[in-house]
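> Fold the stuff below for me.
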Amino acid sequence: MLSRPLCRGSAQKIASYFGLVKNSCGLITLPQEVLEMILADLDWKDVLNVRVTCKLLCTAFRSRSVWRAQYQRVSDSYDTPLNAKDRTATYTELERDTLHWARLQHSWGSRPKPPTQRLLCECSAVQIHLVHGGRWLLASTDYPCLELYDLDSLNGRRRILIRSQDKHDEQVRTFVVDEVRMTPPNVDMFIALNHCEITDEPLMRISIWRITSGPDDHTLLAHHITSFNTYTTGVCVDMDLRGDYLATNGRSPNHIDIYDWRRSSSLVHHKATIALGQKNAVKSIRILSGQRILTFEWGVVRIYAVDASKFRPIPGRQPVVAPLTMPLHTLHLPGMDPYLLCPLHLDRLGTASLYLACAHAVVKLTVPYDDQPLIVADCLAYNEGRPWTWAITLHRAYFRKGTTATAVLLARGFDENCTQVWDIVDRNYDAGPLVDDYSGRIVERARMNYKIVVFLRSVS
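Below is the predicted model:
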């Protein structure tokens, strides 16, 4: 690998090594493999400049090894790497994603003019979710449906994505999305809806849907997979969906139910239960690899193991009686907000990592795949006290404090050059802004006349 541009003397030495004629030595006389090694060692901007020089170098440019090295270099520049590309990725896909992430990284790391802001829509949203890719916004309202907004349209085009199939449904109380299969701009994900029903029984209805891109890529299509009722003595505090498993956290008594949702029905549930010691303590839950559950409380993180043998059929109306489950690991993080969580990053071994907001800094939490103790590393310290509102992803962060907004790039060795700061005119913002990793878009919410107005910011 070469660490600097190839000079004439170096080109002659390489040509002599491969048995080429010394008098006609030049870059284009090198073997194709050597040209690919040189291009792989250059910066992506230099590779684009080399491409337009001649046909031979343009042919070497169309190499999977060249753009795989470029993609890996961009990935290594972040504290958390990008999703690894498998052997099926073509050079075109690697080039597209490399240039996309590199340009987005430049826009978040420089100091251009303040991001644009526009009014998107008005809706009485209870919960909103920005789909990976930054184009689609999901919103649950007081009505028994799930709404979809197209952020690429000027007026935030709205339509009903999922309509309730049961006349007894009052509203979609909460929903959770599994975006493991997402490859923007294509959409392929699963979503679980928690319906609140008007009945005399403590009933919670769960429905699972698959969301895919439409044939013209101008809308999303919802395909119903399954639905089932579950009886609980309290309301669902939080849910998580990953693969074939759905985890729900009940408030009273405090327990976590993990469903194998593909095999569950209203009559028979295939599930395991984790009984927690602290009542009403757990606020958020996440499903890890290796049948483990990550729980978040105020200032405490715990990991529980799920016994695979306990995924047995249980009558739907039978109350759950489970012995107290002891955590595998417990970690105390003073000042941690259990509701402020970024997406999980899982490597090929199953090691999970995510960012958390604590009292003194944003920290990176690493959960080893082999049940070793959790690892915590400070990532971003607060210079002037903790911000009021945070939004964190795997590669960038956004926060507000007073009338100032700040966008931060979570890169290796980041400094002030990786931070943007701008003033906010309107302070009537609601908590919980959303940030999309892939597009760099930021979605704000403001309360006006009991409505939630969504603002769209693009840092570019």
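
> what ranges do the helices span in this structure?
Using DSSP state H, the helices found in the chain span residues 8-17, 32-41, 44-51, 55-61, 64-76, 91-109.

> and those, which one's lowest on average pLDDT?
Looking at those, the lowest mean pLDDT belongs to helix 8-17 (a mean of 51).

> what about residue 412, neighbour count?
Residue neighbour count, defined by other CB atoms under 10 Å, stands at 9 for residue 412. No exception for glycine: its C-beta is placed from N, CA and C like everyone else's.

> mind listing what the residue nearest the centre of the chain touches?
The centroid of the chain falls nearest to residue 343 when counting by CA atoms, centre = their mean (3.9 Å). Residues near residue 343 by CB atoms under 8 Å, 6 or more residues apart in numbering: 179, 354, 393-394, 437.

> and if we set it to 10 Å?
80, 132, 179, 286, 354-355, 392-394, 437 (CB atoms under 10 Å, 6 or more residues apart in numbering).

> could you dump the helices of the chain to TSV with mean neighbour count and distance to residue 188?
Listed next are the helices of the chain as TSV, based on neighbours: other CB atoms under 10 Å; distance: least, CB to CB, whole Å:
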stretch	mean neighbour count	distance to residue 188
helix 8-17	14	46
helix 32-41	19	31
helix 44-51	15	28
helix 55-61	16	31
helix 64-76	19	21
helix 91-109	18	16
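
> Give me the buried subset of the contacts of residue 343.
Among the contacts of residue 343, the ones that count as buried by 16 or more other CB atoms under 10 Å are 80, 132, 179, 286, 354-355, 392-394, 437.

> Mind checking which of these are in strands?
Judged by DSSP state E, those include 286, 354-355, 392 as members of strands.

> Save the contacts of residue 343 as JSON lines, and put in distance to residue 329 and pLDDT too.
Shown next, in JSON lines, are the contacts of residue 343 (distance: CB to CB, whole Å; pLDDT from 0 to 100):
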{"residue": "80", "distance to residue 329": "21", "pLDDT": "89"}
{"residue": "132", "distance to residue 329": "29", "pLDDT": "92"}
{"residue": "179", "distance to residue 329": "26", "pLDDT": "88"}
{"residue": "286", "distance to residue 329": "14", "pLDDT": "94"}
{"residue": "354", "distance to residue 329": "15", "pLDDT": "93"}
{"residue": "355", "distance to residue 329": "18", "pLDDT": "93"}
{"residue": "392", "distance to residue 329": "22", "pLDDT": "92"}
{"residue": "393", "distance to residue 329": "25", "pLDDT": "92"}
{"residue": "394", "distance to residue 329": "22", "pLDDT": "92"}
{"residue": "437", "distance to residue 329": "27", "pLDDT": "91"}
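
> which of those residues lies closest to residue 156?
Taking CB to CB as the measure, residue 156 lies nearest residue 132 of the contacts of residue 343, at 18.4 Å.

> my read: that closest one touches residue 439, true?
Yes - applying CB atoms under 10 Å, one finds residue 132 in contact with residue 439, separated by 9.0 Å.

> any common contacting residues for the two?
Each of residue 184 lies in contact with both residue 132 and residue 439 under the rule CB under 10 Å, 6+ apart.

> show me what contacts the nearest residue to residue 79 once chain neighbours are set aside?
Residue nearest to residue 79 in three dimensions, not counting chain neighbours: residue 410, with 5.2 Å by CB to CB, 6 or more residues apart in numbering. Residues near residue 410 by CB under 10 Å, 6+ apart: 78-80, 108, 342, 355, 362, 364, 379-380, 392-397, 418, 437.
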